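J.: give me a 3D structure for the following:
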Amino acid sequence: SFPGGKRDPQDGDAVATALRETREELGLALGAERVWGLLRTVPNRGGMMVAPVLANLGPLEDMTLTPNPQEVAEVFTIPLDHLLQAENQGYTHFRAKGRYSHTLPVFLHGPYKVWGLTAVITELTLELLAPDLY
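T.: Model (predicted):
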């Protein structure tokens, strides 16, 4: 899942919140210069608006993560080319009160299923990074 959380009073904006949450959850300190920008806001299940922040982490082999075990169960990566393969993409249809409710994207990678808000943000990212392929 993407690091995230509510804005603290000392956070100046959504970028500051994202950088703080990334440090708190993954032990990864990034500077604002690594931030590419913000994606469009999306609502979570509770109706709160989430402002996804897209940043360049640099080479994965150069990173040392220290995930907070109280907030992060596991860390894994999925290569961009894997996400762009049609056989790894799908949709989940949800029902509420016995009727169709909504459809969300889902991405598959080995034992992992990326769904929910994480999949929505992943889809927005793919539309931005690979508009001719996704």
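
J.: next, the buried residues of stretch 12-27.
T.: Neighbour-count burial for stretch 12-27, with 16 or more other Cβ atoms under 10 Å as criterion, is recorded at 14, 15, 16, 17, 18, 19, 20, 21, 22, 25, 26. Glycine gets a C-beta too; all of them are placed from N, C-alpha and C.

J.: now do the helices in the chain.
T.: Taking DSSP state H as the criterion, the chain carries its helices at 14-26, 80-83, 116-129.

J.: adding distance to residue 109 and mean pLDDT, write those helices out as CSV.
T.: Shown next, in CSV, are the helices of the chain (distance: least, Cβ to Cβ, whole Å; pLDDT from 0 to 100):
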stretch, distance to residue 109, mean pLDDT
helix 14-26, 19, 94
helix 80-83, 6, 96
helix 116-129, 11, 95
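
J.: between the buried residues of stretch 12-27, which is closest to residue 101?
T.: Minimum distance to residue 101 across these is 28.2 Å, recorded for residue 14 (Cβ to Cβ).

J.: wait, that closest one sits on residue 50?
T.: No. With contact defined as Cβ atoms under 8 Å, residue 14 does not count as touching residue 50 (9.1 Å).
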